[in-house]
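[1] I need the structure of the sequence given here:
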Amino acid sequence: MDTCFSDIRNADLQRRMDASGTLSIFDALFVARSPLLLKALFPKLEAAHAEGALEDRVVSTYQRQLQRELRQLHAAVEDAESADRDCRIEKAKIDALGRRPAVDSLGAFLTMCDRLWPGVRDLRVQRCQQLQPDKDAKAYVDRHCHVFEIGALLYQEYLDRRGLLDRFHAPFASELAAIYKGRGVDLAATDQQFDKYKLLSLNKPLRIVNEKAFQGLSHEGWGLYFGIEVPRQAVPADGSAGPVAIEVLW
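    As a prediction, this is how the structure comes out:
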């Protein structure tokens, strides 16, 4: 399932680079009826649910995310009060989270999603109908609304886990080598900088994307995007540079 989430994250990097739209990546893919969801992630989630392997994960993930959000809000309130700043919005959010119904099962989670944002499903129907007016948008949304909510929750969990891995295992070398190997390329054999220093040589088809919305490394042949940290002023806007090797962080 993480492979699906990785593909979705890469799609999100592409979307940010293009500065296309303000929807969340999940909503954007859902409205577009993307195969990343319909042909890849959703069938895996449905199979996991049929096997009874989804409920505990959804409940525990939701509880962790809720508690983390509460901790962040309480910390924000403490900081605001110590600085004599207005924190009524943070307190209102804490109250709203405290009024949420208990989630102790997958069914309770889905019921909460249905009730928490009334009208969201209708908005998705409208957006789907606008994009593809010849298809039955309501039937599509009704069919997939619950697996959408599960997928969105677990995708956020994936991003959280990925963030921890990036923080504690910053070199992305092993995963980068695996990505190249999966496409028939031995990175250590073809890139001396990677073999010696775990740095990726910047040459075609790689280029730096130095946009306002996103900075990263683009493999134009494969449509992949990698995260890097290079001062923007050090890289021309067109992504060109002399001989250089870069550490990929994610």
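[2] which residue ranges form the helices in the protein?
    Ranges of helices in the chain, per DSSP state H, are 2-18, 25-31, 35, 42-50, 55-82, 88-98, 106-116, 120-131, 137-168, 173-181, 187-190, 192-197.
[3] can you give me the offset of the longest one from its chain's centre?
    In this view, helix 137-168 has its centroid 8 Å away from the chain centroid, taken as CA atoms, centre = their mean, to the nearest Å.
[4] residues contacting the spatially closest residue to residue 204 that is not a sequence neighbour?
    With CB to CB, 6 or more residues apart in numbering as the criterion, residue 204 has its nearest non-adjacent residue at 7.8 Å, and that residue is residue 220. Just so you know, the C-beta spots here come from the backbone N, C-alpha and C atoms, and that holds for glycine as well. Residue 220 makes contact with 204-207, according to CB atoms under 8 Å, 6 or more residues apart in numbering.
[5] now render those as JSON lines, adding pLDDT and distance to residue 47.
    Formatted as JSON lines, the contacts of residue 220 follow (pLDDT from 0 to 100; distance: CB to CB, whole Å):
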{"residue": "204", "pLDDT": "76", "distance to residue 47": "40"}
{"residue": "205", "pLDDT": "81", "distance to residue 47": "35"}
{"residue": "206", "pLDDT": "82", "distance to residue 47": "36"}
{"residue": "207", "pLDDT": "79", "distance to residue 47": "38"}
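[6] most surrounded residue in those?
    Using other CB atoms under 10 Å as the neighbour test, the contacts of residue 220 are led by residue 206, with 18 neighbours.
[7] who's in contact with that residue?
    200, 217-220.
[8] do the same with residue 77
    Contact analysis of residue 77 by CB under 8 Å, 6+ apart lists 87, 90-91, 94.
[9] redo that, cut-off 7 Å
    87, 90-91 (CB atoms under 7 Å, 6 or more residues apart in numbering).
[10] between these, which is closest to residue 155?
    The closest of the contacts of residue 77 to residue 155 turns out to be residue 90 (CB to CB; 25.5 Å).
[11] my guess is residue 25 meets residue 8, correct?
    Yes: the criterion here is CB atoms under 7 Å, and residue 25 meets it with residue 8 at 6.2 Å.
[12] count of residues packed around residue 50?
    For residue 50, using other CB under 10 Å, the count is 9.
[13] buried residues of stretch 127-145, list them for me.
    Neighbour counts over stretch 127-145 (16 or more other CB atoms under 10 Å) mark 127-129, 137, 140-141, 144-145 as buried.
[14] so which of the contacts of residue 206 is the closest to residue 60?
    For the contacts of residue 206, the nearest to residue 60 is residue 217 (34.7 Å; CB to CB).
[15] surely that closest one touches residue 205?
    No: here residue 217 lies out of contact with residue 205, judged by CB under 7 Å, at a distance of 10.8 Å.
[16] need the overlap of contacts for the two.
    Going by CB under 7 Å, 6+ apart, no residue sits against residue 217 while also sitting against residue 205.
[17] residue 125 and residue 140 touch, don't they?
    No: between residue 125 and residue 140 there is no contact under CB under 7 Å: 8.1 Å.
[18] how many other residues sit next to the closest residue to residue 14 other than its chain neighbours?
    Of all residues not flanking residue 14 in the chain, residue 225 sits nearest, at 6.2 Å (CB to CB, 6+ apart). Residues within reach of residue 225, counting by other CB under 10 Å, total 21.
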